[in-house]
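**Student:** Sequence first, predicted coordinates after that:
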Amino acid sequence: MKKSGTARILAHLQAGKTVTVGEIRGKFGLRNAHEPIMNLRRQGNCIYTTFKELANDRVTTAYVLGTPSREMVAFAASISGKHFFG
């Protein structure tokens, strides 16, 4: 069974790699680079937006999987309530 583009992006990020907007469009074949990232975030994945300098001195948006800080978890709990975490 073939994995979806979003699932392949998540596997890529879980391997400790970053993914750029260009890679989402080219390597993963998705037109809208923002949509799979937002879907992964809605699923509870902590994906940070960073910026990466390319060889031609241009800067592009890149995404990396991270661990939420204590402050982020506390903020989410304050908005969602205790039921959100279990």
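**Tutor:** Arrived safely, thanks for sending. Numbers count the residues shown, from 1 in each chain.

**Student:** correct me, but Gly66 touches Cys46?
**Tutor:** Yes: with contact defined as CB atoms under 8 Å, Gly66 counts as touching Cys46 (5.1 Å). (Each C-beta comes from the backbone N, C-alpha and C, glycine too.)

**Student:** Where do the strands of this protein begin and end?
**Tutor:** Taking DSSP state E, the strands of the chain run over residues 19-20, 47-53, 59-65.

**Student:** Adjacent strands (with direction) for the second one?
**Tutor:** Sheet partners assigned to strand 47-53 using DSSP bridges are listed as strand 59-65 (antiparallel).

**Student:** what comes up buried for the partner strand?
**Tutor:** Neighbour counts over strand 59-65 (16 or more other CB atoms under 10 Å) mark 61-63, 65 as buried.

**Student:** Make a markdown table out of these and add pLDDT and distance to Met38.
**Tutor:** Compiled in a markdown table, the buried residues of strand 59-65 are given as follows (pLDDT from 0 to 100; distance: CB to CB, whole Å):
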| residue | pLDDT | distance to Met38 |
| --- | --- | --- |
| Thr61 | 94 | 13 |
| Ala62 | 95 | 16 |
| Tyr63 | 96 | 11 |
| Leu65 | 96 | 14 |
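
**Student:** Who does the residue nearest the centre of the chain form a beta bridge with?
**Tutor:** The centroid of the chain falls nearest to Ile47 when counting by CA atoms, centre = their mean (3.7 Å). Beta-bridge pairing of Ile47 under DSSP bridges involves Leu65.

**Student:** And it, how far from Gly66?
**Tutor:** Distance of Ile47 to Gly66, computed by CB to CB, to the nearest Å: 7 Å.

**Student:** where does the chain dip in pLDDT?
**Tutor:** The model of the chain has pLDDT under 70 over residues 1, 81-86.
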